[in-house]
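> please find the sequence and the predicted model below.
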Amino acid sequence: MTAINELKEQLGYIEIGLNDTFTFHCTQCGKCCIHQEDILLSPKDLFNIAKKFQITPKDAFEQYCETYIGSNSRFPIVRLKPRGSVQRCPLLKDRKCLVHDVKPAVCAMFPIGRYLALPDNGDFPKNVEEMSVGYVFTNPDCGDATETHTVQEWFRNFNIPLKDDYFFTWTKTQATLCKHLHLLEKSVPGKIMLRIWNAILISLYLNYEITEDFQTQFQQNSDAILSLIETLRTVDVLMSNKN
């Protein structure tokens, strides 16, 4: 059994195909928005929230989010900051989602999850068509089973494209940066790593104008931070060889 299959089994996930059916009806009870510490955001999620409230991504981040360094990925993770004793989503008010029409992808897809299977060596294929997208279903503790859906129809209802170029690009950026960060952390002083992590956070999550196209800005930011980190890695390797 592969590591990813073991993880899915431990978490109670069931592999599901695009045309497979599952039963779920959201009753808007708000249960999936409490006792949650894992509502992770991508840059696009934060951009959409900022645009919804007509504030900057930086302001949206400071009001609703927090960040930490992933224990395995060593990558800056952004999540919605839980509030109160019930660990309530900060975007939940009177049991209603304040950003329902632009809710984070992980929330919009619920109870479906999506992952991109990379080769065992962790290298990202140059050809997008070589990448395999997988889907999982987790039995929710909320709602009811009065509706039947396919994964394909569920995604269409929330305007999530099956061939999601942003999802591929974002995953590739993360995977590439994670490999560099693991290596840099072995040789770079802690204070410098903090600056590197902060640069990644600012570039990928905060450096956007909400009046301009997100995808164009994301690609520019992604290219810029990848170039910077790759340069740092090159310098680090050269210095290590000299020593």
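Structure received.
> measure the spatially most central residue of the chain to T171 for me?
The residue at the geometric middle of the chain, judged as the C-alpha nearest the mean C-alpha position with Cα atoms, centre = their mean, is S42 (4.0 Å). Using Cβ to Cβ, to the nearest Å, we find S42 at a distance of 9 Å from T171. Where C-beta positions appear, they are placed from N, C-alpha and C, glycine not excepted.
> residues of the lengthiest helix in the chain that come out buried?
The residue-count maximum for a helix in the chain (DSSP state H) belongs to helix 214-242. Along helix 214-242, these residues count as buried under the neighbour rule (16 or more other Cβ atoms under 10 Å): F214, Q217, F218, N221, S222, I225, L226, I229, L232, R233, D236.
> ok, now stretch 183-191?
Residues of stretch 183-191 classed as buried under the neighbour-count rule (16+ other Cβ under 10 Å) are L184, V188.
> picking up where we left off before, contacts only, for the residue nearest to the centre of the chain.
Contact criterion Cβ atoms under 8 Å, 6 or more residues apart in numbering gives P104, A105, W170 as the residues in contact with S42.
> could you check the pLDDT of it?
S42 is assigned a predicted lDDT (pLDDT) of 97.
> now it: phi and psi?
The main-chain torsion angles of S42 are listed as degrees, to the nearest 10 and equal phi -90, psi 170.
> and the longest helix of the chain, how far out from the chain middle?
Helix 214-242 has its C-alpha centroid displaced from the chain centroid by 20 Å (Cα atoms, centre = their mean, to the nearest Å).
> which helices and strands does it pack with?
Secondary-structure packing of helix 214-242 (3 or more Cβ pairs under 8 Å, 6 or more residues apart in numbering; DSSP states H and E): helix 43-53, helix 165-187, helix 190-201.
> tell me the domain ranges of this protein?
In the domain annotation for the chain, the residue ranges read 3-163, 167-242 (automatic domain parsing).
> go ahead and confirm Y166 touches F47.
No: between Y166 and F47 there is no contact, the gap being 10.6 Å when judged by Cβ atoms under 8 Å.
> more crowded one of the two?
Set side by side, Y166 and F47 give different neighbour counts by other Cβ atoms under 10 Å, the larger being at F47 (24 against 16).
> which residues touch that one?
With contact set as Cβ under 8 Å, 6+ apart, F47 has these partners: P57, Y208, I210, F214.
> the residues you listed in strands, which ones?
Among the contacts of F47, no member falls in strands (DSSP state E).
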